[in-house]
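*Asks:* quick one, what's the 3D model for this:
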Amino acid sequence: MTFELQDGTVVSPSTPLFITGSGRCGTTLMRRLIVERSAAVIPPENYALGKVEQFTGASQEDWDQHCAGAIRRATTNRKNWRTYGMDAKDAIRLLSSIPPQERTTSNFWHAFHAIYAVAVGKPSQSRWGDKTPLNVDRVDHIVSIFPSARFVFMVRDVLDVTYSYATMGLKKREGNYLYGAKRWLDANEHIKAHLEKYQAQAIVVRYEDLVMRPDDTVARVLDFAELPRSSGNGMNESEAKDIATYKHLNNALGEVRGDFIGKGRSGLPAEVREAIWEIAGTRDLQRFFGYSAD
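*Replies:* Numbering: from 1, shown residues only. Modelled structure (predicted):
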């Protein structure tokens, strides 16, 4: 049911779309293309949504505390929060003004994204999505809040993900090949389990399909999520602030191309490739998603 916040912002709860995966698998590019080709808003990564517990209190005092606590979590990474273009105090004030009869955890996030939409110059009633790779570990919790949520699970060749993680320009990951491989394994094991549990609510998109056939691939996602198509709705500067801010995301703003396919096989040392295949479960999972395990 539609409701209004203190400043007149209209909130229209809808079915959210969650884009997730291992990281370095095309989630940022998918986010950009969905925003460009639909009327949806998808903020920068949200490290609070998958962690904030269901709110069960009823008093105004408890609700205010819930709102403040959730925003504190969202703003823990200050650099990331700055890319939202939202003022934390204003957000808490507006979220605290959700009408008493509408105070649920799901409506908190519907309102949060309505506030974000206004901040980036979009209608507050826009359909919204989330693009946070870490949420691949939190799908059960998300479904407990949004029972009808839709999920796009991005997958990519383990060797390419490993190579990308180790060359993405972050000091703690530079050259740390097995970190990326183990993250890939953990995330894709979760995806496989989620596909069995939430079959009707999820689709898998291969990175290779996204970059080689972007029109058909994004159209499939929009149909799945029941998102209306729009033209001339490019990602504006405010929406793309995080992609421009973080060097390891910059490529997602450029031309969609397949240059990075196969980088792992050509760029990883032979001993690293062999070490990846020796990680238990990697070959089977690689084959499960349609990739060569040689």
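*Asks:* list the contacts of Ala39.
*Replies:* Contact partners of Ala39, counting by CB atoms under 8 Å, 6 or more residues apart in numbering, are Lys122, Pro123, Ser126, Arg127, Leu227, Pro228, Ser230, Asn233. Any C-beta I mention is one placed from the backbone N, CA and C, and that applies to glycine too.
*Asks:* now do Thr75
*Replies:* So Thr75 contacts Trp81, Ala88 (CB under 8 Å, 6+ apart).
*Asks:* and it, what's its pLDDT?
*Replies:* On the pLDDT scale, Thr75 is placed at 97.
*Asks:* what's the answer for Glu278, then?
*Replies:* pLDDT, Glu278: 97.
*Asks:* and it, how close does it get to Ala181?
*Replies:* 10 Å (CB to CB, to the nearest Å).
*Asks:* what about the two, which has more around it?
*Replies:* Counting neighbours by other CB atoms under 10 Å for Glu278 and for Ala181 shows that Ala181 has the greater number, 28 against 11.
*Asks:* which residues are in contact with that one?
*Replies:* By CB under 8 Å, 6+ apart, the neighbours of Ala181 are Val158, Val161, Thr162, Ala275, Ile276, Ile279, Thr282.
*Asks:* next one: the helix or strand hosting the fifth one to chain centre, how far?
*Replies:* Counting by DSSP states H and E, the element that carries Ile276 is helix 270-277. Taking the mean of its C-alpha atoms, helix 270-277 sits 29 Å from the chain's own mean (CA atoms, centre = their mean, to the nearest Å).
*Asks:* how about that helix as PDB, C-alpha atoms only?
*Replies:* Extracted in PDB, the C-alpha atoms of helix 270-277 (Å, rounded to 0.1, in the frame of the first residue of the first chain):
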ATOM      1  CA  ALA A 270      50.300 -22.500 -14.600                       C
ATOM      2  CA  GLU A 271      51.000 -23.300 -11.000                       C
ATOM      3  CA  VAL A 272      48.200 -20.900  -9.900                       C
ATOM      4  CA  ARG A 273      45.700 -22.500 -12.300                       C
ATOM      5  CA  GLU A 274      46.600 -25.900 -10.900                       C
ATOM      6  CA  ALA A 275      46.200 -24.700  -7.300                       C
ATOM      7  CA  ILE A 276      42.700 -23.500  -8.200                       C
ATOM      8  CA  TRP A 277      41.700 -26.900  -9.600                       C
END
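*Asks:* what comes up buried for it?
*Replies:* Val272, Arg273, Ala275, Ile276 (16 or more other CB atoms under 10 Å).
*Asks:* need those in a markdown table (columns: distance to Thr132).
*Replies:* A markdown table is the format used below for the buried residues of helix 270-277 (distance: CB to CB, whole Å):
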| residue | distance to Thr132 |
| --- | --- |
| Val272 | 28 |
| Arg273 | 29 |
| Ala275 | 29 |
| Ile276 | 25 |
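*Asks:* just give me the closest of those residues to Arg206.
*Replies:* Checking the buried residues of helix 270-277 against Arg206 with CB to CB, the nearest one is Ile276 at 18.7 Å.
*Asks:* on that earlier part again, buried subset of the contacts of Ala39?
*Replies:* Lys122, Ser126, Arg127, Leu227.
*Asks:* strands of the stretch 1-150 of the chain, start to end?
*Replies:* Along the stretch 1-150 of the chain, the stretches classed as strands by DSSP state E, counting those that start in this stretch are 3-4, 10-11, 17-21, 129-131, 150-155.
*Asks:* for those strands, which one sits closest to Gln286?
*Replies:* Comparing the strands of the stretch 1-150 of the chain under CB to CB, the one sitting nearest is strand 150-155, at 9.7 Å.
*Asks:* just to revisit the earlier point, from the strands of the stretch 1-150 of the chain, which stretch is densest packed?
*Replies:* Scoring those by mean neighbour count under mean count of other CB atoms under 10 Å gives strand 17-21 as the most buried, with a mean of 27.
*Asks:* cool, thanks, talk later.
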